[in-house]
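In: whatever this is, show me its structure:
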Amino acid sequence: LKTMMSASSSSSSRSIPTPASPPPPIILAPSSTIPNFLDQYYATSTFHFLSTTKEKLQQFVAERVSAMALSSSPSSTQNDSPESSQQQGTPARDHNHHRATSVPFPVAAGTSDPLVLHVDMDCFYVSVAQASDASLRGRPVAVCPAGRTGGTSEISSCSYEARERGIKSRMLVHDALALCPNLEIVACDYPKYAEVSQQIFEIFTQYSGAVQVVSVDEALIDISGCVRPDLLAYEIRHMIKEQTGCPSSAGIGPNVMMAPMATDRAKPNGQFILSHDTFQEFTKDLHVRMLPAVGEATVAKLAALNIEKISELREHDKDGLQRHFGRKTGLRLWELAHGIDHTPVLQISDMESLNSNRKSVGTQVSWGVRFASLHEAQSFLMDVAKEVSQRLKNIHKQGKRVALRVKHKQEGGKDSVKYMNPGDVDITQRSHTLGEYTDDPCVLGSEAFSLFKAMGISPMDVRGVGLQVEMLEDAKEAKKRKSATLTSFFKLASTTATTSSTATTGGGGGAGANKRPSTAVAARKV
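Out: Coordinates of the predicted model:
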């Protein structure tokens, strides 16, 4: 495999250079001076691309899995047995585990031991560019959103050749050029990335119905029971390379934790198998940061106990870890150190089940946000509210709690050297629970503006805004609830008014004298 890839790389590197395509339009000024700023921001935001494309891929996978389940059902085929499916050259599906395997990789009958395949594209953005432009192969290449070679543009991704020269993601372009003057700068091509991502995930779903979208270029795949997982990984990687021109690496392990660890060892353009038998030797020198869900706060607490390596964590008993970190976290750390992880590969059978698990819907803008007045802040929040409203409607949800998150300049803080980045900021958050569920942009915008005014932050100090709607409910159910509330309201009002009218007619003071007071009482009761 290495020989084949090396030959392919050397032959492609001799291709005649072709002119680079012109970069996409870039944002040149802050939010207060650009019409339709949010539209331009979303068009050039890597964060926005990653989040929205991941949702689309989840929907794509769900639709593919549903279609495969339907095509393999008894009503759609004469013989639904795995043996028959394999003889016909179509994927054989295990209906109990939602898995599928192709002809060369049969599932071992009666096998219940979990097996996870993790596939991660190598330098995805750069690989896509190199697949389209052969002159970039084998050269130091960096990708940045604007594709500019000057100033404070930030690198999104870079080739291994560039990494060898000390270049890293999020480095300023002018700093990267100082390290590597012949660095080739390429603009991000989000539509192309999305297209290639869909090709990749279409390949994944040919082998399993349990495909978890980790990111636009990364997936976890349930291949439990596969007899030759090494051959399966090779075939998937070969298909990806053949169809997209992009290399990938794969890791195989008995759980969701081990598979990505194996991929890290496999990179670039390789594959690796990690098992329970080899886990302790494999992790003896690895830092605890390599464990999932171990962030900087936990790393600091572990360091206070003189624990830096996974092997050192493994030396501590379960009870001791639980005393220091609490029952749940302590147990989790002990299990991870011993290679135990019960986290399942997330299976998405349909978008309805996916959306039902959503806890919130929102958006965040942390670049280019500058206001000259309170009016500008209000207008911007209304635009953000419209975006969030549309996202709610897209998944047929309404929410009841509005949460606003504002980045604002620290007192005495410095501005970022990167153009229109937040710089030194503090973060203030406020939320308010509404009386009813809504997806109305006017309601959301009004609530956001009220929360902002309550924060007491000067509009001129704002550097970023995040708006989130929580306590979600299905839009149809929310409307039914609202309709039932209104119906009860009018019934109560009608009953109270009728009772008041009867009491007034039967009373001794005359109808005219008691009519107005009775109506006021009815209103207060309602």
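In: local confidence estimate at residue 412?
Out: Residue 412 carries a pLDDT value of 83.
In: what about it, which SS state?
Out: Secondary structure, DSSP: H, G, I helix; E, B strand; the rest coil: residue 412 is coil.
In: kindly report the same for the one 10 residues further on.
Out: In three-state terms, and counting by three-state DSSP, residue 422 is coil.
In: the residue nearest to it when sequence neighbours are not counted and residue 370, how far apart?
Out: Residue nearest to residue 422 in three dimensions, not counting chain neighbours: residue 463, with 3.9 Å by C-beta to C-beta, 6 or more residues apart in numbering. For the C-beta atoms, the positions are set from N, CA and C on the backbone; glycine is no exception. Distance of residue 463 to residue 370, computed by C-beta to C-beta, to the nearest Å: 8 Å.
In: okay, these two: which has more neighbours?
Out: Counted by other C-beta atoms under 10 Å, residue 463 and residue 370 do not tie: residue 463 has more neighbours, with 27 against 17.
In: residue 65 contacts residue 207, correct?
Out: No. Between residue 65 and residue 207 there is no contact under C-beta atoms under 8 Å: 11.7 Å.
In: other residues contacting stretch 438-452?
Out: Here stretch 438-452 makes contact (C-beta atoms under 8 Å, 6 or more residues apart in numbering) with 377-378, 381-382, 384-386, 388-390, 392-393, 397-400, 402, 404, 406, 430-432, 434, 467, 469, 475, 478.
In: buried ones among the residues you listed?
Out: 377-378, 381-382, 384-385, 388-389, 392, 397-400, 402, 404, 406, 434, 467, 469, 475, 478 (16 or more other C-beta atoms under 10 Å).
In: could you pull out the strands for the stretch 151-300 of the chain?
Out: Ranges of strands in the stretch 151-300 of the chain, per DSSP state E, counting those that start in this stretch, are 157-158, 184-187, 211-215, 218-222, 248-253, 271-273.
In: output the contacting helices and strands for the shortest one.
Out: With contacts defined as 3 or more C-beta pairs under 8 Å, 6 or more residues apart in numbering; DSSP states H and E, the packing partners of strand 157-158 are helix 124-132, strand 141-144.
In: as a markdown table, the ones you listed with distance to residue 242 and mean neighbour count would be great.
Out: As requested, the helices and strands packed on strand 157-158 are arranged in a markdown table below (distance: least, C-beta to C-beta, whole Å; neighbours: other C-beta atoms under 10 Å):
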| stretch | distance to residue 242 | mean neighbour count |
| --- | --- | --- |
| helix 124-132 | 11 | 24 |
| strand 141-144 | 22 | 27 |
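In: out of the buried ones among the contacts of stretch 438-452, list just those in helices.
Out: Taking DSSP state H, the ones among the buried ones among the contacts of stretch 438-452 that sit in helices are 377, 378, 381, 382, 384, 385, 388, 389, 392, 475, 478.
In: pretty sure the fifth one sits against residue 41.
Out: No. Using C-beta under 8 Å, residue 384 is not in contact with residue 41, being 10.4 Å away.
In: any common contacting residues for the two?
Out: The contact lists of residue 384 and residue 41 share residue 365, where a contact means C-beta under 8 Å, 6+ apart.
In: nearest to residue 133 among the ones in helices among the buried ones among the contacts of stretch 438-452?
Out: Of all these, residue 384 has the smallest distance to residue 133: 36.9 Å, by C-beta to C-beta.
In: tell me the bridge partners for the residue lying closest to the closest one once chain neighbours are set aside.
Out: For residue 384, ignoring the flanking residues on the chain, the nearest one in space by C-beta to C-beta, 6+ apart is residue 467 at 4.9 Å. Beta bridges link residue 467 to residue 363, residue 404, judged by DSSP bridges.
In: how about residue 467, what does it touch?
Out: Each residue near residue 467 by C-beta under 8 Å, 6+ apart is listed here: 362-364, 381, 384-385, 388, 402-405, 444, 448.
In: put the alpha carbons of whichever strand or helix holds residue 428 into CSV.
Out: Residue 428 belongs to strand 425-438 when assigned by DSSP states H and E. Presented in CSV, the C-alpha positions along strand 425-438 are these (Å, rounded to 0.1, in the frame of the first residue of the first chain):
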residue,chain,number,x,y,z
VAL,A,425,-13.1,39.9,26.0
ASP,A,426,-15.3,39.1,28.9
ILE,A,427,-18.5,37.0,28.4
THR,A,428,-21.9,37.9,29.9
GLN,A,429,-24.9,35.6,29.6
ARG,A,430,-28.6,36.1,30.4
SER,A,431,-31.7,34.1,29.7
HIS,A,432,-35.4,34.5,30.1
THR,A,433,-38.2,31.9,30.0
LEU,A,434,-41.2,33.0,27.9
GLY,A,435,-44.9,32.3,28.7
GLU,A,436,-45.3,30.1,25.7
TYR,A,437,-43.4,28.3,22.9
THR,A,438,-42.5,30.4,19.9
